[in-house]
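coords please:
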Amino acid sequence: MLVLDAGALVAVERGDRNVIALIKRERLAGRTPVTHGGIVGQVWRGGSGRQATLARLLPALEVSPLDDDMGRRAGVLLGNAGTRDVIDAAVVLLARDDDEILTSDPNDLRRLARVAGIAAFVVKV
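Purely as a prediction, here's the structure:
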(Lines give C-alpha, C1' and ligand atoms only; values in the text may rest on other atoms or scores of the structure.)
Protein backbone atom coordinates (compact mmCIF):
# COMPACT_ATOMS: atom_id res chain seq x y z
CA MET A 1 0.00 0.00 0.00
CA LEU A 2 1.05 3.57 -0.62
CA VAL A 3 0.67 6.09 2.23
CA LEU A 4 0.84 9.79 1.32
CA ASP A 5 1.85 12.69 3.53
CA ALA A 6 1.54 16.39 2.71
CA GLY A 7 4.83 16.41 0.80
CA ALA A 8 3.49 13.77 -1.58
CA LEU A 9 0.32 15.76 -2.25
CA VAL A 10 2.35 18.94 -2.82
CA ALA A 11 4.51 16.95 -5.25
CA VAL A 12 1.35 16.01 -7.16
CA GLU A 13 0.41 19.71 -7.31
CA ARG A 14 3.86 20.46 -8.76
CA GLY A 15 3.37 17.77 -11.40
CA ASP A 16 6.12 15.51 -10.02
CA ARG A 17 6.11 12.66 -12.53
CA ASN A 18 7.73 10.19 -10.15
CA VAL A 19 5.07 10.63 -7.47
CA ILE A 20 2.27 10.58 -10.03
CA ALA A 21 3.71 7.36 -11.49
CA LEU A 22 3.83 5.72 -8.05
CA ILE A 23 0.19 6.62 -7.44
CA LYS A 24 -0.80 5.30 -10.89
CA ARG A 25 1.11 2.08 -10.23
CA GLU A 26 -0.82 1.64 -7.00
CA ARG A 27 -4.18 2.24 -8.68
CA LEU A 28 -3.37 -0.09 -11.59
CA ALA A 29 -2.52 -2.82 -9.08
CA GLY A 30 -6.02 -2.42 -7.63
CA ARG A 31 -4.86 -0.73 -4.44
CA THR A 32 -6.05 2.63 -3.15
CA PRO A 33 -3.40 5.03 -1.79
CA VAL A 34 -4.22 6.33 1.70
CA THR A 35 -3.81 9.51 3.69
CA HIS A 36 -5.78 11.19 6.46
CA GLY A 37 -7.88 14.30 6.84
CA GLY A 38 -5.15 16.22 8.65
CA ILE A 39 -2.92 15.90 5.59
CA VAL A 40 -5.69 17.16 3.34
CA GLY A 41 -6.09 20.13 5.68
CA GLN A 42 -2.38 20.92 5.44
CA VAL A 43 -2.46 21.25 1.65
CA TRP A 44 -6.02 22.10 0.57
CA ARG A 45 -6.56 25.73 -0.41
CA GLY A 46 -9.71 25.43 -2.51
CA GLY A 47 -8.77 23.22 -5.44
CA SER A 48 -8.49 25.83 -8.16
CA GLY A 49 -5.52 26.84 -10.27
CA ARG A 50 -2.50 24.74 -9.52
CA GLN A 51 -4.56 22.58 -7.15
CA ALA A 52 -6.80 21.29 -9.93
CA THR A 53 -4.61 18.19 -10.19
CA LEU A 54 -4.88 17.65 -6.45
CA ALA A 55 -8.66 18.13 -6.62
CA ARG A 56 -8.83 15.35 -9.25
CA LEU A 57 -6.60 13.05 -7.18
CA LEU A 58 -8.41 13.25 -3.82
CA PRO A 59 -11.45 11.16 -4.85
CA ALA A 60 -9.04 8.36 -5.84
CA LEU A 61 -7.56 8.22 -2.32
CA GLU A 62 -8.80 6.66 0.87
CA VAL A 63 -8.85 9.58 3.29
CA SER A 64 -9.03 8.24 6.84
CA PRO A 65 -10.45 10.41 9.59
CA LEU A 66 -8.14 11.88 12.19
CA ASP A 67 -10.64 11.00 14.92
CA ASP A 68 -10.43 10.43 18.66
CA ASP A 69 -9.00 6.91 18.35
CA MET A 70 -6.35 7.91 15.81
CA GLY A 71 -5.52 11.02 17.83
CA ARG A 72 -4.98 9.02 21.00
CA ARG A 73 -2.86 6.40 19.26
CA ALA A 74 -0.82 9.16 17.59
CA GLY A 75 -0.32 10.85 20.98
CA VAL A 76 1.01 7.64 22.52
CA LEU A 77 3.36 7.19 19.58
CA LEU A 78 4.60 10.77 19.91
CA GLY A 79 5.27 10.25 23.60
CA ASN A 80 7.20 7.05 22.92
CA ALA A 81 9.18 8.63 20.07
CA GLY A 82 9.84 11.93 21.82
CA THR A 83 8.47 13.91 18.86
CA ARG A 84 5.58 16.39 18.55
CA ASP A 85 3.90 16.30 15.12
CA VAL A 86 0.55 14.51 15.43
CA ILE A 87 0.00 14.71 11.66
CA ASP A 88 3.20 12.76 11.00
CA ALA A 89 2.40 10.21 13.70
CA ALA A 90 -1.05 9.61 12.23
CA VAL A 91 0.48 9.08 8.76
CA VAL A 92 2.77 6.41 10.17
CA LEU A 93 -0.15 4.72 11.92
CA LEU A 94 -1.87 4.26 8.54
CA ALA A 95 1.04 2.13 7.34
CA ARG A 96 1.70 -1.57 7.74
CA ASP A 97 4.85 -3.62 7.21
CA ASP A 98 6.19 -3.36 3.65
CA ASP A 99 4.03 -0.32 2.78
CA GLU A 100 5.63 2.75 1.22
CA ILE A 101 5.22 6.15 2.88
CA LEU A 102 5.85 9.06 0.51
CA THR A 103 7.06 12.11 2.43
CA SER A 104 9.16 15.22 2.25
CA ASP A 105 10.18 14.61 5.90
CA PRO A 106 11.74 11.12 5.90
CA ASN A 107 13.81 11.38 9.07
CA ASP A 108 10.89 12.02 11.43
CA LEU A 109 8.68 9.43 9.75
CA ARG A 110 11.41 6.79 9.84
CA ARG A 111 11.86 7.40 13.55
CA LEU A 112 8.11 7.20 14.19
CA ALA A 113 7.79 4.01 12.13
CA ARG A 114 10.70 2.43 13.98
CA VAL A 115 9.21 3.28 17.39
CA ALA A 116 5.79 2.02 16.24
CA GLY A 117 7.36 -1.26 15.10
CA ILE A 118 6.22 -0.75 11.51
CA ALA A 119 8.68 -1.94 8.86
CA ALA A 120 7.53 0.48 6.16
CA PHE A 121 9.67 1.96 3.41
CA VAL A 122 9.87 5.72 3.90
CA VAL A 123 10.49 7.35 0.53
CA LYS A 124 11.55 10.99 0.18
CA VAL A 125 9.68 12.99 -2.45
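
Is residue 20 in a helix, a strand, or coil?
With DSSP: H, G, I helix; E, B strand; the rest coil as the basis, residue 20 sits in helix.

what's the neighbour count on it?
Neighbours of residue 20 under the rule other C-beta atoms under 10 Å: 15. Glycine gets a C-beta too; all of them are placed from N, C-alpha and C.

Read off the pLDDT value for it.
For residue 20, the model assigns a pLDDT of 95.

for it, what are its contacts?
residue 12 (C-beta atoms under 8 Å, 6 or more residues apart in numbering).

With residue 109 instead?
5, 88, 91-92, 101, 103, 122.

try 10 Å this time
Contact partners of residue 109, counting by C-beta atoms under 10 Å, 6 or more residues apart in numbering, are 3, 5, 7, 83, 85, 88-89, 91-92, 95, 101-103, 120, 122-124.

Buried ones among those?
Those of the contacts of residue 109 that meet the buried threshold are 3, 5, 7, 83, 85, 88-89, 91-92, 95, 101-103, 120, 122-123, by 16 or more other C-beta atoms under 10 Å.
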